[in-house]
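Student: need a structure here:
(2 chains, ligands or ions: 1)
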Amino acid sequence: MLNIIVCVKAVPDPNDADKLKIDPVTKSLPRSDISLVINPLDSHALEAALEIKRNDDAHITILCMGPPPAGNIVKECLALGADKGILLSDPAFAGADAFATAYTLAKAIEKNGAVDLIFCGMASSDGATEWVGPEIATFLNMPVVTMVNEIVENAGDEWIVKADYEHGYRKVKIKLPAVLTVTRNLNQPKALSFSGILKARKKEIITWDLKDLGVPVENVGLKGSPTIVTEMTRLESRREVEILEGSLQEKVDRLIKILKNSGVVNV
Amino acid sequence: MSKIKTQVFVMAEQAGGRIRPVSLQIVGKARHLADQLDSKVGAILLGQNVTERAQELIAAGANSVYLGDSDSLHPYQAELYTEIIVNLLLEHRPEIFLLGSTFMGRELAPLIAAKLKTGLTAHCIDLLIDNEGILEQKIPAYGGMITIICPEKRPQMATVAEGVFLNPELDSTNIGDIIPIDLPEKFPLRVQTLEIVVEKPEGVSLETASVIVAGGAGAEDQDGWQQIAKLAEVLNAGFGSTRPAVDEGWTELETMIGQSGKMVSPELYIGVGLSGELQHMVGIVGAKVMIAINNDAKAPVFEQVDYGIVEDCRTFVPALVETLKKSND
Ligand SMILES: Cc1cc2nc3c(=O)[nH]c(=O)nc-3n(C[C@H](O)[C@H](O)[C@H](O)COP(=O)(O)OP(=O)(O)OC[C@H]3O[C@@H](n4cnc5c(N)ncnc54)[C@H](O)[C@@H]3O)c2cc1C
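Tutor: Alright, predicted model coming up:
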């Protein structure tokens, strides 16, 4: 049986992005109740695991670090077909950068036991660092391929995958156990089903805090983060805009004049 | 002779036997940072038949090039490269280590940072030295700019996309050292690049285009997207995108402009159906004329362009394309 871990992040709902703007006066982020959704790329990571499970004997564990409401995201993953959920939640974990996040996730993976494959989205929509997957791999001394867009062969413990590369792709052979970070081109995540939601009720979600992981408090969260944010500034606009007036066709004609005057288009 | 305390290191990436432009750009930036720190620039160059290229890095401002030239270094192998670079960084203890935000750089950077237990900032759009000699790493976020530092751990690591920094002047009279690297003993690779396939890119390349049309979520669907594509075609422009357009599957990630995508410097930029989020707008560097088409007069993009058109792009763009076609005939 393949033991698969999918690392999932609960991210602010992009529809609430407006609430997440630097306050011009305090120069910090306003605290507000922003709803959380599954990081879109992580749903492709989960789908990659589910695809394996459809054809093979596999057990899928969802691993998510976040505040208690992130438990809903774990539940959603169980309803989509994962077998078990682990929520890493502790005030001490807050403020973690990619390094401290990867460290904490790696410790939880070690505690959880045998693992053959770890899937992560290639990046998160709010941090977008792309570092967590490969850093987990380093902490667990596993090989990694980042930005996987196709699984070519997955028989046995040597897989062949394709990954994004400049103007083309990279074909890579990787020995399991391994970490793969995935792009949105890998697959098409499926929608929640009612029966999935029913089945998820019986599935287990474990919550682990700092004590459960047994790691020193100075290794996690803000304290365990080598990088810190020191300053936030709001950018002021730099251009004086002219809004074109008139009917649609008048605007079209005026725009074509502007294009001509730019000297770089042949119209 | 005073001993050099600090150094700025750069990963110099090559492809097809040529140094990537982003690597020359960050060598140029590293030179600048090193001058402020009164220190030296070291560039790491790995590959096969790359020895001749080392001089180019010196011309761009490197004091030393650490050179690994071997068939085992082609194509890129993550484990081998990580091992070599980590060893070099442990030996020379640079203050700063910069990589290009290429696919290789984005994979190697976290592997190296985690091994060295240091911090790493993604896709910076500016790098400065503060009063205490610490590297300030600027990235756009939350409608503004944030500064990230790595106060204690070394090296301070960051990735930078192509086009963020200017191409440096190459001075072939510069003098520097080319230092061959002792390659590690062969070890079995658990992850092995079998091949790297380059497919010929279609259309006008974004990096060199003098006109760029970029489309966003406002295209609404594939049809709307194709209309914007036609506009790019009649203007013979590069066709760029925002993240939602990529998420919707209308276009490929390679066309995304912005902090985590391409940095472009056209003379003329036309943004269609996009809101003007900073993460996208920082990708457009030094455009002379900027134009936006958006149906919401309050869209932030209108504060960042020279000409604004408040219209539904799904009616305006086809009308524009029609008129352009007529005047072309
Ligand atoms: C760390 C990080 C990195 C990121 N990196 C990037 C990056 O590199 N590149 C990038 O693009 N994004 C990036 N993003 C995402 C970015 O923050 C924005 O979400 C994105 O740029 C918004 O794209 P958009 O303007 O197309 O969509 P929206 O913000 O949804 O805007 C759509 C606009 O279209 C207008 N519109 C709607 N319908 C019509 C119509 N029919 N006609 C005309 N106008 C219409 C609306 O008024 C609106 O202004 C990043 C985000 C994060 C957190």
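Student: contacts, neighbours, all on C-alpha from now
Tutor: Noted.
Student: what's the burial count for the closest residue to the ligand within the stretch 1-150 of chain A?
Tutor: Closest approach between the stretch 1-150 of chain A and the ligand, counting by CA to the nearest ligand atom: A:Asp126, at 4.0 Å. Counted with other CA atoms under 10 Å in any protein chain shown, residues neighbouring A:Asp126 total 16.
Student: so it, which state does it fall into?
Tutor: coil (DSSP: H, G, I helix; E, B strand; the rest coil).
Student: nearest residue to it in space, please, no chain neighbours.
Tutor: Spatially, and ignoring its direct neighbours in sequence, A:Asp126 is nearest to A:Val11 (6.4 Å; CA to CA, 6 or more residues apart in numbering or on different chains).
Student: what's in contact with the helix or strand hosting the one you found?
Tutor: In the assignment (DSSP states H and E), A:Val11 maps to strand A:10-12. With CA atoms under 8 Å, 6 or more residues apart in numbering or on different chains as the test, strand A:10-12 has contacts from A:34-39, A:64, A:66, A:70, A:73, A:124-126.
Student: direction included, what does it pair against?
Tutor: Using DSSP bridges, strand A:10-12 pairs in its sheet with strand A:36-38 (antiparallel).
Student: so for the strand it pairs with, mean pLDDT?
Tutor: For strand A:36-38, mean pLDDT is 94.
Student: touching the helix or strand just after that strand from outside, list them.
Tutor: With elements assigned by DSSP H and E, the helix or strand that comes after strand A:36-38 is helix A:40-55. Here helix A:40-55 makes contact (CA under 8 Å, 6+ apart) with A:4, A:6-9, A:58-60, A:77, A:81-82, A:119-125, A:181-184, A:186-190.
Student: enumerate the residues of the stretch 151-267 of chain A near the ligand.
Tutor: Taking CA under 6 Å from any ligand atom, no part of the stretch 151-267 of chain A reaches the ligand.
Student: contact residues of the stretch 201-329 of chain B facing chain A?
Tutor: Contact residues, the stretch 201-329 of chain B versus chain A (CA under 8 Å from any CA of the partner chain): B:201, B:210-211, B:235-236, B:247, B:254, B:260, B:267-268, B:289, B:302-311, B:316, B:319-320, B:323-324, B:327-328.
Student: quick one, phi psi at A:Cys62?
Tutor: You called it Cys, but residue A:62 is Ile. Phi and psi for A:Ile62, reported as degrees, to the nearest 10, are phi -90, psi 130.
Student: ok, it touching A:Val74?
Tutor: Yes. Counting by CA atoms under 8 Å, A:Ile62 sits close enough to A:Val74 to count as a contact (6.6 Å).
Student: mind listing the shared neighbours of those two?
Tutor: A:Val8, A:Gly85, A:Ile86.
Student: which one of those is nearest to B:His123?
Tutor: A:Val8 (22.3 Å; CA to CA).
Student: contacting residues for that closest one?
Tutor: A:Ile38, A:Asn39, A:Asp42, A:Ser43, A:Ile62, A:Leu63, A:Cys64, A:Met65, A:Val74, A:Cys120, A:Gly121.
Student: if we use 10 Å, what do you get?
Tutor: Neighbour list for A:Val8: A:38-43, A:45-46, A:62-66, A:70, A:73-74, A:77, A:87, A:119-121, A:124 [criterion: CA atoms under 10 Å, 6 or more residues apart in numbering or on different chains].
Student: measure it to chain B for me?
Tutor: Separation of A:Val8 from chain B (CA to the nearest CA, to the nearest Å): 18 Å.
Student: which pLDDT value goes with that residue?
Tutor: Reported pLDDT for A:Val8: 98.
Student: for chain B, which segments count as helices?
Tutor: Here chain B has its helices, by DSSP state H, at B:21-37, B:54-59, B:78-92, B:103-116, B:222-234, B:243-247, B:278-281, B:313-328.
Student: nope, the stretch 101-250 of chain A is what I was after
Tutor: For the stretch 101-250 of chain A, the helices defined by DSSP state H, counting those that start in this stretch cover A:132-139, A:194-200, A:210-213, A:248-262.
Student: the first one: how far from the chain's middle?
Tutor: Taking CA atoms, centre = their mean, to the nearest Å, the mean C-alpha location of helix A:132-139 is offset from the chain mean by 14 Å.
Student: quick one: average pLDDT of that helix?
Tutor: Across helix A:132-139, the average pLDDT comes to 98.
Student: which strands and helices lie in contact with it?
Tutor: helix A:98-112, strand A:117-121, strand A:144-153, strand A:178-182, helix B:103-116 (3 or more CA pairs under 10 Å, 6 or more residues apart in numbering or on different chains; DSSP states H and E).
Student: mind exporting the second one as CSV, just the C-alpha atoms?
Tutor: By that I understand strand A:117-121. Extracted in CSV, the C-alpha atoms of strand A:117-121 (Å, rounded to 0.1, in the frame of the first residue of the first chain):
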residue,chain,number,x,y,z
LEU,A,117,4.9,10.1,-1.3
ILE,A,118,4.2,13.6,-0.3
PHE,A,119,2.3,15.9,-2.6
CYS,A,120,2.2,19.7,-2.3
GLY,A,121,0.9,22.4,-4.5
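Student: near chain B, anything from it?
Tutor: No. Applying CA under 10 Å from any CA of the partner chain, one finds strand A:117-121 out of contact with chain B, separated by at least 13.5 Å.
Student: now that strand against helix A:132-139, angle please.
Tutor: On the basis of axes from the mean of the first three to the mean of the last three CA atoms, to 10 degrees, strand A:117-121 is oriented at 150 degrees to helix A:132-139.
Student: what angle do strand A:117-121 and helix A:40-55 make?
Tutor: Counting by the same axes, to 10 degrees, strand A:117-121 lies at 150 degrees to helix A:40-55.
Student: what is strand A:117-121 packed up against?
Tutor: For strand A:117-121, the packing partners by 3+ CA pairs under 10 Å, 6+ apart are strand A:2-7, helix A:40-55, strand A:58-65, helix A:132-139, strand A:144-153, strand A:178-182.
Student: each with direction, which strands does the fifth one pair with?
Tutor: Strand pairing for strand A:144-153, using DSSP bridges, gives strand A:158-165 (antiparallel), strand A:178-182 (parallel).
Student: tell me which of the ones you listed sits most buried.
Tutor: strand A:178-182 (a mean of 27; mean count of other CA atoms under 10 Å in any protein chain shown).
Student: give me the buried positions along the lowest-mean-pLDDT helix or strand in chain A.
Tutor: Within chain A, confidence by mean pLDDT, DSSP states H and E is lowest for strand A:228-234 among all helices and strands, at a mean of 86. Applying a neighbour-count criterion of 16 or more other CA atoms under 10 Å in any protein chain shown, one finds A:Ile228, A:Met232, A:Thr233, A:Arg234 buried in strand A:228-234.
Student: for the ligand, what's the nearest residue on the stretch 151-267 of chain A?
Tutor: A:Leu248 (13.2 Å).
Student: what's near enough to touch that residue?
Tutor: Contacts of A:Leu248 by CA under 10 Å, 6+ apart are A:Arg254, B:Ile309, B:Val310, B:Glu311, B:Thr315, B:Phe316, B:Ala319, B:Leu320.
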